[in-house]
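A.B. asks: With the input below, show me the fold.
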Amino acid sequence: MKKTCLKAPYQFERIESPVPEISDEQVLLAIRQIGICASDMQMYHGLHKYMTFPVVFGHEAAATVCKVGKNVKGFSEGDNVTVEPQVFCGECEPCRSGFYNVCEHLKVMGVHMDGFACDYYAIKPMYLHHAYDLNDDYTALIEPLAVGIGSARRGNVKNKTVCVVGAGTIGNLVAQSAKALGAEAVLVTDIKDNKLDYAKQCGIDYAVNTLDKTLNDVITDTFGARKADVIIDCAATPGSILSVLQAARPRSVIVITGNFKVPVEIEIPLIQRQEIDILGHMMYRRIDFEEAIQAARDGRIHLKDFVTQHYSMGSVAEAFRFIDENSDNVMKVMLRN
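C.D. replies: A predicted model of the protein is given here:
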């Protein structure tokens, strides 16, 4: 089989490798398609702080079960599945408390260990989710959608006014997830009109360009004096978090979901004197994956036209270059085997 290794920044290698053997407790997956994530792009640029080269990238997968170990229950050959790619110890305090997404020894397939940029992958069924009748694009989108569900759940958005900063892949899915989980009203902001237009197509209540307006003014214009109960930062830039803090009202909640690349200096008294809650958010748990699959199947999440480009796995370098050169016109790029 072939697997695609990210050897160093900007350098891919297609490697011939044996098809993995499975144990009695594993299944063998045939990988049909994977998504390219913003964290994959960070790795590609050599900016990801928590990985080392070389690595077989890819953590958003649509796959078919093609072989089942004799002790495996609940999965059969031919099943359409997606993968929850977090490998956790099960022993630390977060794991014992059910929050394995912040395991003290967390590893992520495709980041800290080999991922799904390959033809076949051996895995334990504990990491799998049935994707049922979802097509390849939607199945591979479940992982980033689970991020959105987890972020909205972290912000406890039900019956709240919610502002999501950033209308890219994760920002869009966070905003949609907030609506799916019962937010009273959802505003998404960005400086790219095409991404805001797509957010409107996805049913987001308000989508506003902040290129010539402050976030504070946009939130006030949208929600009035109440402003935003919850602000979720998916842009993850020094400017975005500073504008979020300036726009927050007393006792509002800020959720940090975007992946910051650099340290940011913030004004602590803005937080202290207004009793603002700042919540870190890391990925998802199984409940978020299950909710994401159900929401995609019952139509509460709009995924039509979310995938903007497809490439073959053999054209991986071209796909990454395209994203670099056309980021304004990309929501999600998929690689097909």
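
A.B. asks: Next, the residues that contact stretch 275-289 from outside, please.
C.D. replies: Residues from elsewhere that reach stretch 275-289, judged by Cβ atoms under 8 Å, 6 or more residues apart in numbering: 82, 84, 86, 98-102, 108, 129, 142-143, 146-147, 149-151, 153-155, 245, 248, 250-257, 270-271, 292. For glycine as for every other residue, the C-beta is placed from the backbone atoms N, C-alpha and C.

A.B. asks: Between the two ends of it, what distance do you get?
C.D. replies: Its start and end residues considered, stretch 275-289 measures 32 Å (Cα to Cα, to the nearest Å).

A.B. asks: Check stretch 238-258 too.
C.D. replies: Using Cα to Cα, the distance between the terminal residues of stretch 238-258 is 11 Å.

A.B. asks: cool, and stretch 49-63?
C.D. replies: Taking Cα to Cα as the measure, stretch 49-63 stretches 28 Å from start to finish.

A.B. asks: Name the residues of it that are buried.
C.D. replies: By 16 or more other Cβ atoms under 10 Å, the buried positions in stretch 49-63 come out as Met51, Val55, Val56, Phe57, Gly58, His59, Glu60, Ala61, Ala62, Ala63.

A.B. asks: of all these, which comes closest to Asp193?
C.D. replies: Comparing these against Asp193 with Cβ to Cβ places Glu60 closest, at 26.5 Å.

A.B. asks: any idea what sits nearest the closest one, other than its immediate chain neighbours?
C.D. replies: Among residues not flanking Glu60 along the chain, Gly35 sits closest, at 3.5 Å (Cβ to Cβ, 6 or more residues apart in numbering).

A.B. asks: Output the contacting helices and strands for whichever helix or strand the one you found is part of.
C.D. replies: Using DSSP states H and E, Gly35 falls within strand 27-36. Counting contacts by 3 or more Cβ pairs under 8 Å, 6 or more residues apart in numbering; DSSP states H and E, strand 27-36 is packed against strand 61-68, strand 120-123, helix 136-154, helix 316-325, strand 332-336.

A.B. asks: just the ones you listed: most buried one?
C.D. replies: Mean neighbour count (mean count of other Cβ atoms under 10 Å) peaks for helix 136-154 among the helices and strands packed on strand 27-36, with a mean of 26.

A.B. asks: can you state the direction angle for that helix and strand 27-36?
C.D. replies: For helix 136-154 and strand 27-36, the angle between their directions (axes from the mean of the first three to the mean of the last three Cα atoms, to 10 degrees) works out to 80 degrees.

A.B. asks: one step back: wait, which of the helices and strands packed on strand 27-36 is closest to Pro20?
C.D. replies: Of all the helices and strands packed on strand 27-36, strand 120-123 sits nearest to Pro20, with 3.8 Å by Cβ to Cβ.

A.B. asks: Walk me through which strands that closest one pairs with, and which way each runs.
C.D. replies: Strand pairing for strand 120-123, using DSSP bridges, gives strand 27-36 (antiparallel).

A.B. asks: Setting aside sequence neighbours, what's the nearest residue to Met113?
C.D. replies: Looking at Met113 with Cβ to Cβ, 6+ apart, the closest residue is Lys107, at 5.4 Å.

A.B. asks: Please list all residues in contact with the one you found.
C.D. replies: Applying Cβ under 8 Å, 6+ apart to Lys107 gives the contacts Gln86, Val87, Phe88, Met113.

A.B. asks: which of these tops the neighbour count?
C.D. replies: Tallying neighbours with other Cβ atoms under 10 Å puts Gln86 at the head of the contacts of Lys107, with 21 neighbours.

A.B. asks: Can you tell me how far that one is from Asp79?
C.D. replies: Distance of Gln86 to Asp79, given as Cβ to Cβ, to the nearest Å: 21 Å.
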